[in-house]
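Chemist: the sequence isn't on hand, but the structure is:
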Ligand SMILES: NC(=O)C1=CN([C@@H]2O[C@H](COP(=O)(O)OP(=O)(O)OC[C@H]3O[C@@H](n4cnc5c(N)ncnc54)[C@H](O)[C@@H]3O)[C@@H](O)[C@H]2O)C=CC1
Ligand SMILES: O=C(O)C(=O)COP(=O)(O)O
């Protein structure tokens, strides 16, 4: 099978070479495409890799039936309709770390440029002048830098600001005290407290509902007179209109902007004429080093997602603590166990399930969210028709059907074991399994019965009375129907009581075979679970 990858927005060659080295990938490299041209082409591709110039809108995603992966050679994914990508099962992969230093360095470049009037100094020199008197500047030393968002870039800015002898304060409610301590940054309890202290305010957050307009008229007014504002994160975090007004009134001494609410910034945008601004055209990540880093990083991750189904780098798959590969057997057990529980409940007349719970042993508990995704996939596949049902959209689809999902750790289970419980109409069924590091995945319990079977292709789960002859009759019936038995596990609660058989068979078991099984003497019920996926 060949996957087609569309690469746009000038991605570094070192990254593209990783894709081209794979015989199963066909790569088309194009310049940034206008929306109609992209719409026309996107239907042919399994993956698209781009930068901020290409908007991956809901409309584009819905227009792309083959698309499996969106790669972003950079950090911000505010240009990707993430909810729709998740709904459609499209993996969104970014390259979060490769351009951090480039942005941090541009911050100091542009702020120093503003403080020392470097753009004007260059202009005067070109004009043939020697105008030292009007080129008086100010220093960073001793000034307080207020950082909103102490993530990767905020952290690198802080590290470098110490070397300039600055005071440091930051506001980031999502970061633990330990990171503030390690970076030697004072924690501002509120944004207002930060605004009260900062001589230079810089934002390094993502653009989202919470941060849009975070620094508006009120916040700018709260800054001390003569403060400087920098936005190298995303246009819209600092309100353009309010910033323009604060610059024109003289309340702010200046501003540094690399990003704008609408890009490219229109040629006649008033900000271009605002006093004391240093403007750059979104070049924060434009260094040879950063572009190589992000291209290699995202191309390798897109390649692995397409060729190996490796989704650990996908932003819309639950985070995995630990190795993705090591979790695969447990994910298979979770998916299979949920499929078995759903099929048995359905045959008991319980079709609408309300709650899915996954409990994990200690060794796999770090992957509980991913295991929950896998169980959600097992619970809905075969029930809903969706041509792109996968780990990415299974949870949202299950929740959309009213299923409540929870995952947790259980100290009662062996380290690599897990339990999946499905509940509906006052009935709950638990199916347990084990995925030991040194053996194949096994289902180990169905309801109260201990079993031991590899959930391979097709499982028949039979309830019967524990009397002689049942196994023989079942074997004969399946043999006559050309159904080959791989494993037959018989479990019972007590001699002569209720018994349960789990039969792993090759290939498909049709409804008539199930019907005839149910009609055998002493057989009380039979469920057939046809597993999907590898
Ligand atoms: N100008 C350019 O070319 C570039 C711009 N960027 C922008 O910079 C942003 C930051 O990048 P990284 O540092 O790599 O991301 P990051 O995810 O490492 O850091 C973002 C930080 O913002 C914090 N945060 C989120 N909401 C907040 C709020 N309401 N108030 C305060 N803090 C909040 C988070 O807790 C996190 O620590 C990206 O989202 C992207 O938009 C990134 C790279 C290049
Ligand atoms: O990585 C980011 O978030 C950036 O803003 C860089 O964007 P770009 O790849 O230069 O279009």
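Modeler: Received, thanks. Bear in mind the structure is a predicted one, so any value in this text is a computation, not a measurement. Numbers count the residues shown, from 1 in each chain. Ligands and ions are numbered 1, 2, ... in the order given.
Chemist: please count neighbours and contacts with C-alpha atoms only from this point.
Modeler: Will do.
Chemist: show me where the stretch 401-534 of the chain has helices.
Modeler: Under the criterion DSSP state H, counting those that start in this stretch, helices of the stretch 401-534 of the chain are mapped to 470-480, 511-519.
Chemist: average model confidence for the longest one?
Modeler: If I follow you right, that is helix 470-480. Mean per-residue pLDDT for helix 470-480: 92.
Chemist: and residue 226, how far from ligand 2?
Modeler: With distances taken as Cα to the nearest ligand atom, to the nearest Å, residue 226 is found 28 Å from ligand 2.
Chemist: give the bridge partners for residue 523, please.
Modeler: residue 464 (DSSP bridges).
Chemist: what's near enough to touch it?
Modeler: 462, 463, 464, 465, 470, 517 (Cα atoms under 8 Å, 6 or more residues apart in numbering).
Chemist: and the buried ones among those, selectable in ChimeraX?
Modeler: In ChimeraX syntax, the buried subset of the contacts of residue 523 is picked out as below (16 or more other Cα atoms under 10 Å):
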select :462,463,464,465,470,517
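Chemist: most widely separated two among the contacts of residue 523?
Modeler: The largest separation in these, counting by Cα to Cα, is between 465 and 517 at 13.5 Å.
Chemist: now tabulate the contacts of residue 523 in TSV and tack on distance to ligand 2.
Modeler: Shown next, in TSV, are those (distance: Cα to the nearest ligand atom, whole Å):
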residue	distance to ligand 2
462	55
463	57
464	61
465	64
470	65
517	59
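Chemist: can you tell me which of the contacts of residue 523 is closest to ligand 1?
Modeler: The shortest separation between ligand 1 and any of those is 51.1 Å, and it belongs to residue 462 (by Cα to the nearest ligand atom).
Chemist: okay, the closest one and residue 378: tell me how far apart.
Modeler: Distance from residue 462 to residue 378, counting by Cα to Cα, to the nearest Å: 20 Å.
Chemist: and the residue most central in space within the chain, what does it touch?
Modeler: Per Cα atoms, centre = their mean, the C-alpha nearest to the average position across the chain is that of residue 315, at 1.4 Å. Applying Cα under 8 Å, 6+ apart, we find residue 315 in contact with 91, 92, 93, 94.
Chemist: is any residue of the helix or strand containing the third one near ligand 2?
Modeler: So that's residue 93. Using DSSP states H and E, the element containing residue 93 is strand 91-94. No: on the criterion Cα under 6 Å from any ligand atom, strand 91-94 is out of touch with ligand 2, staying 8.5 Å away.
Chemist: burial count for residue 113?
Modeler: For residue 113, the count of nearby residues is 18 (other Cα atoms under 10 Å).
Chemist: dump the residue contacts of it.
Modeler: So residue 113 contacts 119, 278 (Cα under 8 Å, 6+ apart).
Chemist: quick one: name whatever helix or strand follows the longest helix that the chain contains.
Modeler: Determined from DSSP state H, the single longest helix within the chain is helix 324-347. Counting by DSSP H and E, the next helix or strand C-terminal to helix 324-347 is strand 355-360.
Chemist: can you list the strands that that following strand pairs with?
Modeler: Partners of strand 355-360 in the sheet, by DSSP bridges, are strand 404-409 (parallel), strand 417-424 (antiparallel).
Chemist: now do the helices in the stretch 1-150 of the chain.
Modeler: Ranges of helices within the stretch 1-150 of the chain are 13-20, 35-42, 58-62, 82-88, 100-115, 118-126, based on DSSP H, counting those that start in this stretch.
Chemist: averaged pLDDT, the fourth one. What do you get?
Modeler: This points to helix 82-88. For helix 82-88, the mean per-residue pLDDT is 92.
Chemist: do the third one as well
Modeler: When the per-residue pLDDT values of helix 58-62 are averaged, the result is 98.
Chemist: so which bits of that helix are buried?
Modeler: Buried residues in helix 58-62, defined by neighbour count with 16+ other Cα under 10 Å: 60, 61.
Chemist: same check, this time on the first one
Modeler: Judged by neighbour count using 16+ other Cα under 10 Å, the buried positions of helix 13-20 are 14, 15, 16, 18, 19.
Chemist: for the stretch 51-200 of the chain, what lies in contact range of ligand 2?
Modeler: Residues of the stretch 51-200 of the chain lying close to ligand 2 (Cα under 6 Å from any ligand atom) are 51, 52, 53, 73, 74, 75, 76.
Chemist: quick one: which of those residues is nearest to ligand 1?
Modeler: Taking Cα to the nearest ligand atom as the measure, residue 76 is the one of those closest to ligand 1, at 4.2 Å.
Chemist: in contact with that closest one, which residues?
Modeler: Neighbours of residue 76 in contact, by Cα under 8 Å, 6+ apart: 52, 94, 206, 207.
Chemist: how about the nearest residue to the residue of the stretch 251-400 of the chain found nearest ligand 1, chain neighbours excluded?
Modeler: Among all residues of the stretch 251-400 of the chain, residue 284 sits closest to ligand 1, at 3.4 Å; criterion: Cα to the nearest ligand atom. Using Cα to Cα, 6 or more residues apart in numbering and skipping the chain neighbours, the partner closest in space to residue 284 is residue 103 (4.6 Å).
Chemist: state the distance from the one you found to residue 505.
Modeler: The value you get for residue 103 to residue 505, if Cα to Cα is used, is 58 Å.
Chemist: and the two? Which one has more around it.
Modeler: More neighbours surround residue 103 than the other of residue 103 and residue 505, with 25 against 21 (other Cα under 10 Å).
Chemist: can I assume the more buried one is in contact with residue 282?
Modeler: No: using Cα atoms under 8 Å, residue 103 makes no contact with residue 282, being 10.0 Å away.
Chemist: joint contacts of those two?
Modeler: Joint contacts of residue 103 and residue 282 (Cα under 8 Å, 6+ apart) are residue 232.
Chemist: show me what contacts residue 92?
Modeler: Applying Cα under 8 Å, 6+ apart to residue 92 gives the contacts 69, 70, 71, 72, 82, 85, 314, 315, 316.
Chemist: of those, closest to residue 511?
Modeler: Of the contacts of residue 92, the one sitting nearest to residue 511 (Cα to Cα) turns out to be residue 85, at 36.2 Å.
Chemist: next, count neighbours for the closest one.
Modeler: Around residue 85 there are 24 residues (other Cα under 10 Å).
Chemist: residue contacts, it?
Modeler: Neighbour list for residue 85: 58, 61, 91, 92 [criterion: Cα under 8 Å, 6+ apart].
Chemist: which pLDDT value belongs to the last one?
Modeler: Just to be clear, that refers to residue 92. With respect to pLDDT, residue 92 scores 97.
Chemist: can you name the residues bridging to it?
Modeler: Under DSSP bridges, the beta-bridge partners of residue 92 are residue 70.
Chemist: for the buried residues of helix 13-20, give me TSV that also has distance to ligand 1 and pLDDT.
Modeler: Formatted as TSV, the buried residues of helix 13-20 follow (distance: Cα to the nearest ligand atom, whole Å; pLDDT from 0 to 100):
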residue	distance to ligand 1	pLDDT
14	19	98
15	18	98
16	20	98
18	23	98
19	23	98
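Chemist: mind putting the residues you listed into TSV with distance to ligand 2?
Modeler: TSV is the format used below for those (distance: Cα to the nearest ligand atom, whole Å):
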residue	distance to ligand 2
14	15
15	14
16	15
18	19
19	19
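Chemist: from the residues you listed, pick the one nearest residue 397.
Modeler: When these are compared for distance to residue 397 (Cα to Cα), residue 19 wins out at 31.8 Å.
Chemist: quick one: that closest one and residue 301 touch, right?
Modeler: No: using Cα under 8 Å, residue 19 is not in contact with residue 301, being 10.1 Å away.
Chemist: give me the neighbour count for residue 425.
Modeler: Count around residue 425 with other Cα under 10 Å applied: 12.
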